[in-house]
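1. Sharing a sequence plus its predicted fold:
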Amino acid sequence: MTGPRTLPRRIGLFQATTINMSQMVGIGPFVTIPLMVAAFGGPQAVIGFVAGAVLALADGLIWAELGAAMPGAGGTYVYLREAFQYRSGRLMPFLFVWTAILFIPLIMSTGVQGLVQYLTYLWPSMTTGQGDIVGLAVVALVVVLLWRRVDSIGRITVVMWGVMIVSVAAVILAAFTHFHPSLAFTWPAHAIDFGHGSFWLGFASGLTIGIYDYLGYNTSAYIGAELKDPGRVLPRSIIYAVLAVMVIYLGMQIGVLGVIDWHDMLDSNNVASQSVASAVLEKTMGKGAANVVTVLILITAFASVFTGLLGGSRVPFDAAKDGVFFKSFGRLHPRHEFPMLGLLVMGVITAAGFVFARHIGTSATHPPLAVLISLLTTVMVIVQAFAQIAAVAVLRRRQPNLSRPYKMLLYPLPMIIAGIGWAVIYGYADKANPGVHPIEWSLAWTALGLVAFLGWSRMEKTWPFGPKQIREEYLDPEPAPAS
């Protein structure tokens, strides 16, 4: 027995892999190719997608060990609660929920920005103010649609997956019908110069964009309580999803570069810089086909925001219900039974992040989407990425008898690779985004979270204002037999 189970285990390997992939491939690949080209300064931008895949695989193995050992609902929240309760009580799971309230809406803000960005293809005369109104209206519509009882999102997920697959397949197939190898594989002189600081700055920016495109590889860990044989299914679902999406991304990136001159993606007056997939379809199959695919991409963007806020609004609710966050987040709508405060707070932050990025990231080198990606990754790094790396080591020492159906391959090498990757993303964030200060924002939000934790823990009379509550929920009462 690995811990309490209240949900039926019905999700197999294929389903878990497709769930991960459906979360990974949303609006991301349609909007980040020009950003990746700008970061690297040429078609060598494919390096960014490969580097992102390596980091996703390394970090995914961390999720795999933790998720297989503690296959419940909650993901990071559960892992940090179990690992850090001995010294800091409920601080780390509290900070994770506090941070999730910010980074989940920031991820949704990228979907809204991507939607507005692609809408310019159909509405080329749209002004910045009109774009702001459209984006805010999208957020408001999502909140209104979610302000009701939601019994199942299965149909929405299937539709989103199908629309995404059709969109990606259309772009890749169209690109390779008019592919020019000289465009895709002719790299600028000194494209790879390890001794030059600009290369590493571009690499850090590209790695940030790359890992953003792969986010979602860990979704199966959040539904560990519903996986069949999680010790086997969870690690494989992560690895298979990352490899499959890497093939999709490389096919799309190389295909696009073989049709559109990469210089055009850096020109803010060229449609390829804003709607590169639409530009590929227009050049290869005509304006009509481009319009159809653009509409599909808009649907994909809207659906990703809808499902993201639906799931994200439940994170503080679950923590509040467990007594690890503010009780007000644990209240349900009296009639429709959904977490009102979580939905409202995340909706407001989504809207604020969208407007903030559009008016801070106004230059060609720092467009709004790049600003949002940088902000959300730096916020995630401290309380999720670094904390989970530490959690693996802490739990191996604190709970040596914890049943671990999957142990990290080549331990601790994946942790070292992941740590270096996340450190590069975090360390270069300010240099890659001058004037935005993502590191300072992330530290300020974490510091504010510490203040909030002290106020909450004083009210709840828990550590440091009361006793620690040690609950080794997944630890077997007897030592596990050697395998």
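-> Good, I have the coordinates. These numbers were taken from a predicted model, which means no experiment stands behind them.
2. quick one, what contacts the residue nearest the centre of the chain?
-> Closest to where the C-alpha atoms of the chain average out (C-alpha atoms, centre = their mean) is residue 215, at 3.5 Å. Residue 215 makes contact with 23-24, 28, 107, according to C-beta atoms under 8 Å, 6 or more residues apart in numbering. C-beta here means a position set from N, CA and C on the backbone, and glycine is covered the same way.
3. now this protein, which segments are flagged as low pLDDT?
-> 1-8, 73, 149-158, 361-366, 476-483 (pLDDT under 70).
4. Tell me the buried residues in the helix ranked longest in it?
-> Taking DSSP state H as the criterion, the chain has its longest helix at helix 91-122. By neighbour count with 16 or more other C-beta atoms under 10 Å, helix 91-122 contains the buried residues 91-121.
5. any idea how far it is from the chain center?
-> 9 Å (C-alpha atoms, centre = their mean, to the nearest Å).
6. Then stretch 186-204?
-> The answer for stretch 186-204 is 26 Å, by C-alpha atoms, centre = their mean.
7. hmm, who's touching it?
-> 39-44, 47-48, 51, 424-425, 427-429, 431-432.
8. Give the buried residues for it.
-> Those would be 187, 191, 199, 202-204, for stretch 186-204 by 16+ other C-beta under 10 Å.
9. How about stretch 277-284?
-> Under the neighbour-count criterion of 16+ other C-beta under 10 Å, stretch 277-284 has 277-284 buried.
10. Any chance of CSV for these, columns secondary structure and distance to residue 391?
-> Putting those into CSV (DSSP: H, G, I helix; E, B strand; the rest coil; distance: C-beta to C-beta, whole Å) gives the following:
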residue, secondary structure, distance to residue 391
277, helix, 38
278, helix, 43
279, helix, 44
280, helix, 42
281, helix, 45
282, helix, 48
283, helix, 48
284, helix, 48
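11. Can you tell me which of these lies closest to residue 176?
-> residue 284 (9.3 Å; C-beta to C-beta).
12. And the helices in the stretch 101-250 of the chain, which stretches?
-> 128-146, 154-177, 181-185, 197-214, 219-222, 230-257 (DSSP state H, counting those that start in this stretch).
13. hang on, the earlier thing: a markdown table for the buried residues of stretch 186-204, including distance to residue 127?
-> Output for the buried residues of stretch 186-204, formatted as a markdown table (distance: C-beta to C-beta, whole Å):
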| residue | distance to residue 127 |
| --- | --- |
| 187 | 37 |
| 191 | 37 |
| 199 | 37 |
| 202 | 31 |
| 203 | 35 |
| 204 | 33 |
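14. And the furthest pair within the residues you listed?
-> 187 and 204 (19.2 Å).
15. tally of neighbours for residue 287?
-> Using other C-beta atoms under 10 Å, the number of residues around residue 287 comes to 10.
16. Now do the contacts for residue 248.
-> By C-beta under 8 Å, 6+ apart, residue 248 lies in contact with 25, 29, 168, 172.
17. can you tell me which helix or strand residue 373 belongs to?
-> helix 368-380 (DSSP states H and E).
18. Counting by contacts, list what that helix packs against.
-> helix 28-40, helix 91-122, helix 197-214, helix 340-360, helix 413-427, helix 429-432, helix 438-460 (3 or more C-beta pairs under 8 Å, 6 or more residues apart in numbering; DSSP states H and E).
19. Hey, what's the angle from the first one to helix 91-122? Just curious.
-> Angle of helix 28-40 versus helix 91-122, following axes from the mean of the first three to the mean of the last three C-alpha atoms, to 10 degrees, is 90 degrees.
20. distance between helix 28-40 and the chain's centre?
-> For helix 28-40, the distance to the chain centre is 16 Å (C-alpha atoms, centre = their mean).
21. One more: the third one?
-> The offset between the C-alpha centroid of helix 197-214 and the centroid of the whole chain comes to 15 Å, using C-alpha atoms, centre = their mean.
22. Tabulate the CA atom coordinates of that helix in CSV.
-> What follows is helix 197-214 as a C-alpha-only set of coordinates in CSV (Å, rounded to 0.1, in the frame of the first residue of the first chain):
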residue,chain,number,x,y,z
GLY,A,197,28.5,36.2,-24.2
SER,A,198,25.8,37.0,-26.6
PHE,A,199,25.5,33.3,-27.5
TRP,A,200,24.9,32.3,-23.9
LEU,A,201,22.4,35.1,-23.4
GLY,A,202,20.5,33.9,-26.5
PHE,A,203,20.8,30.3,-25.3
ALA,A,204,19.3,31.3,-22.0
SER,A,205,16.4,33.1,-23.6
GLY,A,206,15.9,30.2,-26.0
LEU,A,207,15.9,27.7,-23.2
THR,A,208,13.3,29.8,-21.4
ILE,A,209,11.1,29.8,-24.4
GLY,A,210,11.8,26.1,-25.0
ILE,A,211,10.8,24.9,-21.5
TYR,A,212,7.7,27.1,-21.8
ASP,A,213,6.7,25.1,-24.9
TYR,A,214,7.2,21.8,-23.0
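23. By neighbours, which of the contacts of residue 248 wins?
-> residue 25 (27 neighbours).
24. I figured residue 116 hits residue 135, correct?
-> Yes: between residue 116 and residue 135 a contact is recorded at 5.0 Å, counting by C-beta atoms under 8 Å.
25. Check which residues of whichever strand or helix holds residue 396 are buried.
-> Secondary structure assignment for residue 396, by DSSP H and E: helix 387-398. Buried residues in helix 387-398, counted by 16+ other C-beta under 10 Å: 387-389, 391-392, 394-396, 398.
26. Export the helices of the stretch 101-250 of the chain to CSV and append columns for distance to residue 270.
-> Compiled in CSV, those are given as follows (distance: least, C-beta to C-beta, whole Å):
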stretch, distance to residue 270
helix 128-146, 18
helix 154-177, 17
helix 181-185, 15
helix 197-214, 19
helix 219-222, 35
helix 230-257, 13
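27. Out of these, which is the most enclosed?
-> Each of the helices of the stretch 101-250 of the chain was scored by mean neighbour count; the highest is helix 219-222, a mean of 26, by mean count of other C-beta atoms under 10 Å.
28. so what does that helix touch, helix or strand wise?
-> When contacts are defined as 3+ C-beta pairs under 8 Å, 6+ apart, helix 219-222 packs onto helix 13-24, helix 46-69, helix 230-257.
29. Now for residue 231: which residues touch it?
-> With contact taken as C-beta under 8 Å, 6+ apart, residue 231 is in contact with 68, 71, 404-406.
30. Mind checking which of those residues are in helices?
-> Using DSSP H, the members of those that fall within helices are residue 68.
31. Narrow the contacts of residue 231 to those in strands?
-> Per DSSP state E, strands hold no members of these.
32. State the pair within the contacts of residue 231 that is farthest apart.
-> With distances taken as C-beta to C-beta, the most widely separated pair in the contacts of residue 231 is 71 and 404, at 11.2 Å.
33. In terms of neighbours, single out the busier of the two.
-> Neighbour totals were compared for residue 71 and residue 404, and residue 71 leads with 27 against 20 (other C-beta under 10 Å).
34. Done for today, thanks.
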